[in-house]
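>>> Compute the structure for the input listed below.
(3 chains)
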Amino acid sequence: MRRLLYLLPLALFLVIAGYFAATLRSGRDPQALPSAMIDKPMPAIDLAALDNGARVTSSSFAGQVVLINFFASWCVPCREEQPLLLRLKTENTVPVIGIAYKDKPQDTQRFLTQLGDPFQRIGLDQEGQLALNFGVYGVPETYVIGKDGRIRYRQISVITPEIWEETILPLIKKLAAS
Amino acid sequence: MIIEIGHFALILALLVAAVQSTIPLMGAARREAGMMAVGKTAAITQFVLIALAFATLVHAYVTSDFSVINVVDNSHSDKPLLYKITGVWGNHEGSMVLWVFMLALCGAAVAVFGANLPPPLKARVLAVQGMIGVGFLLFILLTSNPFQRVLPAPADGQGLNPILQDPGLAFHPPFLYLGYVGFSVSFSFAVAALIEGRVDAAWGRWVRPWALFSWCALAIGIAMGSWWAYYTLGWGGWWYWDPVENASFMPWLVGTALIHSAIVVEKRDALKSWTILLAILTFSLSLVGTFLVRSGVLTSVHAFAVDPARGTFILLLLLVVIGGSLTLYAWRAPALKAGGLFAPISREGALVLNNLLLTTGAATVFVGTLYPLFLDAVGGPKLSVGFPFFNRSFVPLMVPMLIAVAVGPLMAWKRGDLGGAMQRLWAALVVVIIGVVGALVVTEGSYVLALLGIGLAAWVAIAALLEWTERVRLFRTTLADSLRRALHLPRSAYGMTIAHIGLAITVAGISASAFETERIEIVAPGHDIAIGGYVLRLNGVGKVQGANFTADDAKIVVTHDGKDVGEMHPERRFFPLQQQTTSETAIRTNFFSDLYVALGDPDGRGGWTLRVYLKPLVPWIWLGAVIMAGGGIVSLSDRRWRVGAATRAKGAHALGIAPGE
Amino acid sequence: MKRLLLALMMVVAVTGAAAAVEPSERLADPAQEARARAISRILRCLVCQNESIDESGADLAHDIRVLLRQRIAAGDTDAQAIQYIVDRYGQFVLLKPPVEPATYALWFAPLVLLVIGGGAIAIRLRSRRAQPESMTPLSQDERERLAVLLKDGDAS
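Predicted coordinates:
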């Protein structure tokens, strides 16, 4: 009994170490935050369009699986993501709605002229109001919207080819099939 | 070429550390003086080699040798010399070299100053130090090598994060690491004692100065970090309970328990296995403090240390060091016989209460820091554990702790007299209560907790002074006799009095945060902003060119009740290399309150946002910490640690059990 | 320093100099502003380490401060305004974790640890006080226990 007491610190430590090992091995980012908006209806979008055309509204793409991509010309990692998004457009995989976050329209335009325009429509969220409704942390950030208009996935930061192949593409296929 | 010498020195140091961790241990088991003596030589050699490696790295930074990746990533030729040097440990690899440098320094200090230690104990302590050295040198060489070259060398470096370009970086990490690493010595003493199966009063006497030294360094390190946050973040926050801060606070709390329980071992030969456990835990928490934040367990793998291999290595290292020592503890500690008996109401009893509250406090911080991760791992919701949790859990634990600090020293060893101790404190308590109630009436019941905190702090300080007057028998004997007693009082007694007063000062400073006032306004040049009797006039904002930044420099003339007090110059610095802006606040202190000014953004119409705060007693937070550490240093200078440490404390009946012999 | 590091990683524009609440954000009504201030002290700046939005210079913290004030100006109660932000950013935004089954282990840990530790000490002291108190280092009783322990040590 007395001996058991002396084993207690070791036992506690091993539990904690085992837990650390599990966290490390899982390879997941402990600071990744799931969105509070998952499975909730997407907040209504009603933004001025970059092309000065009709307003960008959520009703205009209701009933389809779409990606909502928050980006900005001042955001360096957004440039990394551009080639992947362009490929989606040329291959017609899924429509991507771009939301220019806290950006001047002329800067956004220059950014797209430089790197190519992967978006179906581009809404201007100059005050970042829409981003707050989505629960956006920073740019780039991408949301997958199902046919039912609900948010099904949120990607913080750049969509890497691995994330695309392993997570987002299968999800989009599933959502499109349902 | 010089950099390769540094790299080579580090590899040699690893080999020497390997020798240091084996030969003396074998020597101690076989009682061979020659083999045991290897420990001293190896420890000194290891120190010289690591010092050489560290010097070459500093040299590379000072001369801006951009063929070294580490220098490229963290330095720039434009940087002022001070930040070129401090930049050495402003990054993961370099800070690890500083860490092992200090580890080797401590090992060498034991080797040189431990002449009066019994040779087998000394050999074993140095061997354990050597083992820790092997682990961390391997870690550096295999996963975090600062001596890697890059070809071709870029023309210039990427510079140091502007936030780190502050004198704070010169002092905060070195003191913190000195504290962390210093506890490795008490750890080694604990492990050596477990190997020998022998803990006695003399052991307590050897361990305590090391624990005390590390505790002082850690206290100063933490206080400096807190002060740095205070003057650099632009609104005067000084503690956030964030994982990085908590990681340094936990070993300090357990270390505080250790220096107190070691007294009981030394004076009363009791609490031995508990003290051993505390010594192991303190260093374990230091390791956790150093590494958890870099391992990818706490923070994202994107942060500070990027490589997942590092995380795995760190975990293995923690497993070997902490797991190994706790296994040894589970195996050998039951054989350590408890020593002197004592009644619950006694000096020992008060120290046990202090230990219970401090370790529970540390455990609370531990749980609070890791709970979000734990919950996440078991699939629970993502949540934050911020200051409201710690204020409601940790702070209440510290209230009985402070009462123990006030009452404990007035009680006798073995069997104390609570009534007698309180008798001497009643008058002070009544005065303090009247003061607090009076203040509550004046402030109409606001600031209840703050005033209670200050009242408690005042009582603790008075109790510490009363205890001193008791010792010198002030007013009970002639003044000359009291003076003679005061002069002959051991330094350790003065150390305690000073440290406890320091604690009271810190507590008062923390409590008084509630009285802070602020004014945040847009002020045009030529206009005033008033706060608590001070009037600040913004005379204008000029441009200043620094070595690697440009700054907006506000000239503010301060008057108090119409009298000129002086000028203040808060700045906003822009670092073009990193495209980053930092705030240089201006602080005027009179040691009773800080007038704190930060320059915000211009409004585009000639006005500037000024943040002005008046923070009563805030400087006491760090002043108290420095006084606490000062008390520790006074205690360290006690002559009994310098002479005849090997002679045992009077009345200590050491009971050594050595199944291994 | 690391609380800013994370912010930098995530490419959220952080200007080190612009810390905490800005004069331009304030509500005209002092009572409403005081409420907003109080709430913003307990909402976490999501991209910082344990800093509240009231203290943080991050852009996102600024946006949430403004959003919070819009809700309060629109007539939300404190609870409603907090819930509005929790709905978008999750419970993570609360610096004070809610007291619920998932957090019982957190909230009650200090008390439980204190009681266990205190209980263990009390039992130890009582059992030792039951022995005759003497100044001699070893009583007969202790000698016997020592012999048992020594044997234990050899056996293990």
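>>> which outside residues touch the longest helix belonging to chain C?
Longest helix in chain C, counting residues (DSSP state H): helix C:109-129. Helix C:109-129 is contacted by residues B:338, B:341, B:343-344, B:349, B:352, B:356-357, B:359-360, B:363-364, B:367, B:393-394, B:397 when judged by CB atoms under 8 Å, 6 or more residues apart in numbering or on different chains. Yep, even glycine has a C-beta here, placed from its N, CA and C like the rest.
>>> I'd like the distance between residue B:551 and residue B:541.
10 Å (CB to CB, to the nearest Å).
>>> ditto for residue C:77
41 Å.
>>> same check, this time on residue B:441
For residue B:441 relative to residue B:541 (CB to CB), the value is 45 Å.
>>> As a check, name the ranges of all helices in the stretch 1-150 of chain B.
In the stretch 1-150 of chain B, the helices defined using DSSP state H, counting those that start in this stretch lie at B:2-30, B:33-62, B:69-74, B:81-86, B:92-113, B:119-143.
>>> Does the fifth one pack against any helices or strands, and if so which?
Spelled out, that is helix B:92-113. For helix B:92-113, the contact count by 3 or more CB pairs under 8 Å, 6 or more residues apart in numbering or on different chains; DSSP states H and E identifies helix B:2-30, helix B:33-62, helix B:69-74, helix B:119-143, helix B:168-196 as packing neighbours.
>>> just the last one next, same as before
For helix B:119-143, the packing partners by 3+ CB pairs under 8 Å, 6+ apart come out as helix B:2-30, helix B:33-62, helix B:92-113, helix B:168-196, helix B:308-318.
>>> which intervals of chain C have sub-threshold pLDDT?
By pLDDT under 70, the low-scoring segments of chain C are C:1-20, C:128-156.
>>> what's the closest residue to chain B within it sitting at in phi/psi?
Closest contact between chain C and chain B, by CB to the nearest CB, is at residue C:95 (2.9 Å). In terms of degrees, to the nearest 10, the main-chain angles of residue C:95 are phi -70, psi -30.
>>> That one: what's it in contact with?
B:384, B:386-388, C:42-44, C:50, C:52.
>>> Then residue A:97?
A:45, A:56, A:61, A:66-69, A:119-123.
>>> That one belongs to a helix, doesn't it?
No: residue state for residue A:97 (DSSP: H, G, I helix; E, B strand; the rest coil) corresponds to strand; a helix is not indicated.
>>> Who does it form a beta bridge with?
residue A:68, residue A:121 (DSSP bridges).
>>> Please report how far it lies from residue B:157.
41 Å.
>>> Tell me how many other residues crowd residue A:149.
By other CB atoms under 10 Å in any protein chain shown, 17 other residues sit near residue A:149.
>>> so it touches residue A:42, yeah?
Yes: using CB atoms under 8 Å, residue A:149 is in contact with residue A:42, at 5.5 Å.
>>> overlap in contacts of these two?
With CB under 8 Å, 6+ apart as the test, residue A:149 and residue A:42 both reach residue A:58.
>>> which helix is the longest one in chain A?
Criterion DSSP H: the longest helix present in chain A is helix A:2-26.
>>> quick one: strands adjacent to the very next helix or strand once past that helix?
Counting by DSSP states H and E, the next helix or strand C-terminal to helix A:2-26 is strand A:46-47. Strand A:46-47 has these partner strands in its sheet, going by DSSP bridges: strand A:56-57 (antiparallel).
>>> Of all residues in the chain, which one is nearest the centre?
You didn't say which chain, so I picked chain A. Geometric centre of chain A, nearest residue: residue A:142, 2.3 Å, by CA atoms, centre = their mean.
>>> Please refer instead to chain B.
By CA atoms, centre = their mean, chain B has its centre lying nearest to residue B:218, at 2.0 Å.
>>> min pLDDT across the contacts of residue A:97, which one?
By pLDDT, residue A:61 ranks lowest within the contacts of residue A:97, coming in at 86.
>>> Do I have it right that that residue meets residue A:96?
No: the pair residue A:61 / residue A:96 is not scored as a contact, 10.4 Å apart, by CB under 8 Å.
>>> what's the overlap in contacts for those two?
In contact with both residue A:61 and residue A:96: residue A:120, using CB under 8 Å, 6+ apart.
>>> Distance of residue B:190 relative to chain A?
Distance of residue B:190 to chain A, computed by CB to the nearest CB, to the nearest Å: 12 Å.
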